[in-house]
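Engineer: Take a look and give me a structure for this.
(2 chains)
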Protein chains: 2
Amino acid sequence: MTYELYYWPGIPGRGEFIRLALEDAGADYVDVGNQLSSNGGGAGAVSEFLHGGEMGKPHFAPPVLKAGEIVVSHVANILQFLAPRLGLVSDDDASLVWANGLQLTLTDFVAEIHDTHHPIGSSLYYEDQQDEAARRATIFVQERLPRFLHYFERVLSVNAGNEAYLVGTAHSYVDLSLFQVVTGLRYAFPRAMGRLEPEIPEVTALVDRVSQRPKLSAYLTSDRRLDFNEGGLFRHYPELDG
Amino acid sequence: MTYELYYWPGIPGRGEFIRLALEDAGADYVDVGNQLSSNGGGAGAVSEFLHGGEMGKPHFAPPVLKAGEIVVSHVANILQFLAPRLGLVSDDDASLVWANGLQLTLTDFVAEIHDTHHPIGSSLYYEDQQDEAARRATIFVQERLPRFLHYFERVLSVNAGNEAYLVGTAHSYVDLSLFQVVTGLRYAFPRAMGRLEPEIPEVTALVDRVSQRPKLSAYLTSDRRLDFNEGGLFRHYPELDG
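Structural biologist: Next up is the predicted model:
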């Protein structure tokens, strides 16, 4: 099976959560948005696919994954679909709903991270909502960032004897997603994260462990791994960093 | 099976998406948050359950559903768990991922609706972020509200010959959730919805059909159905309504 990932080119964004799972599992996939448009890819191909394309069903926003005849949209939905097929989650009901619940908490966290630089509207430039962004980011750094990170620290701490894993006793796709969120936060909010990280040793240990997985570490140093930048989800604006 | 729903008392909020599925299917459940605290319920019981309670696993936010030994958090996750058990979705892979993708689009929509009155922080009162709310709501009413509603109109329109259903040829939990969102929007943004509804006849027809389902219509006129109010997700502030 060759999976097809449809996501905007040039930014890690929400597509990166899918890339990490595919890369960590060594799955065969095409990143359509980042293909040359002369090769059938690029933003135009993503846009066309969202409108329904050959399958007839419209999708509200990328990422969207095509797996043969099945088309799946939304990060948490795609990962939930892929994970049992790629060996990235235990296949019992309790693990599946627990993993998906954690992933949906990460989804909410990511939306709040995005809205620190776009509190008024995604159609406006950051520069046109900078005052509101400063106000939202202050509350984010003081209240929401510690609340989310302490939550994941607690989840790891109560997973008795298995502190390195969010779900049960093994590596899962949710570990990969938490890795990506923490890595993005270190890029976007280095001062705030520098103060907070000593309080979340289990989270930091998980991020270290994930970064050392053989296939993933090869991916992270490859040119397929896109740098964080100010067109994406995690943006470094020093004035928003506490 | 008696399901236990953990959600804050006194508001429909995100808990209502779960109540609608349980009520429409005639399932046996206890709404713990809205029970008298002398009977083991109330906000205190919800709060305690979130912190892990007997099951040992913390949840970031309600709603949470307890189904015997399984505990599930997040609206989309709970509905995905319940729906096959309650006959509220077709049980094939393609329908399940399509239904969950639509539900996650509704999740995003609901978060944007909430942020029209809380663009800066949920820990602040509306009155302390009223200027920013006015700015965000203007963009919401002009851009996001039509974008989301036209999307669902299109999904219904391309479902050839089955315009009354979002998923395949039958009623599903996603229809119930879209019903709740449109009903909430009519409460919160009556002027904007009055202008928009003529453009989304399939959505309006779906909402009408859902409201006439026997068990659901009995629920909607019962005292278990909580009124929308300004402590909840859908708030009517005339100054935000276009």
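Engineer: centre of the chain versus stretch A:142-154, how much separation?
Structural biologist: 17 Å (CA atoms, centre = their mean, to the nearest Å).
Engineer: how near is A:Val210 to B:Leu145?
Structural biologist: Computed as CB to CB, to the nearest Å, the A:Val210 to B:Leu145 distance reads 39 Å. Backbone N, C-alpha and C define where each C-beta goes, glycine included.
Engineer: who touches the helix or strand of chain A with the lowest mean pLDDT?
Structural biologist: Every helix and strand of chain A was ranked by mean pLDDT, DSSP states H and E. The lowest is helix A:43-50, at a mean of 94. Helix A:43-50 has contacts (CB atoms under 8 Å, 6 or more residues apart in numbering or on different chains) with A:6-9, A:32-33, A:35, A:37, A:58-62, A:64, A:66.
Engineer: need the contact list for A:Ile139.
Structural biologist: B:Ile120, B:Gly121, B:Ser123, B:Leu124.
Engineer: beta partners for A:Glu4?
Structural biologist: A:Val30, A:Lys66 (DSSP bridges).
Engineer: right, is stretch A:71-88 up against chain B?
Structural biologist: Yes: using CB under 8 Å from any CB of the partner chain, stretch A:71-88 reaches chain B at A:Val71, A:Val72, A:Ser73, A:His74, A:Ala76, A:Asn77, A:Gln80, A:Phe81.
Engineer: Just those residues: which are in helices?
Structural biologist: A:Ala76, A:Asn77, A:Gln80, A:Phe81 (DSSP state H).
Engineer: Please render these as JSON lines that adds neighbour count, distance to B:Asp227 and pLDDT to the earlier fields.
Structural biologist: Formatted as JSON lines, these follow (neighbours: other CB atoms under 10 Å in any protein chain shown; distance: CB to CB, whole Å; pLDDT from 0 to 100):
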{"residue": "A:Ala76", "neighbour count": "27", "distance to B:Asp227": "31", "pLDDT": "98"}
{"residue": "A:Asn77", "neighbour count": "27", "distance to B:Asp227": "32", "pLDDT": "98"}
{"residue": "A:Gln80", "neighbour count": "24", "distance to B:Asp227": "35", "pLDDT": "98"}
{"residue": "A:Phe81", "neighbour count": "20", "distance to B:Asp227": "38", "pLDDT": "98"}
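Engineer: could I get those residues as CSV with distance to A:Glu199?
Structural biologist: Putting those into CSV (distance: CB to CB, whole Å) gives the following:
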residue, distance to A:Glu199
A:Ala76, 27
A:Asn77, 32
A:Gln80, 30
A:Phe81, 34
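Engineer: related to what we said a few turns ago, generate a ChimeraX selection restricted to the buried entries among the contacts of helix A:43-50.
Structural biologist: Here is the ChimeraX command that picks out the buried ones among the contacts of helix A:43-50, judged by 16 or more other CB atoms under 10 Å in any protein chain shown:
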select /A:6,7,8,9,32,33,58,59,60,62,64,66
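Engineer: Low-confidence bits of chain A, can you list those?
Structural biologist: A:53-55 (pLDDT under 70).
Engineer: Now with 80, please.
Structural biologist: Scanning chain A for pLDDT under 80 picks out A:53-56, A:160-163.
Engineer: can you give me the helices in it?
Structural biologist: Using DSSP H, helices in chain A cover A:15-24, A:43-50, A:75-86, A:93-117, A:130-139, A:145-158, A:173-188, A:190-196, A:201-211, A:214-220.
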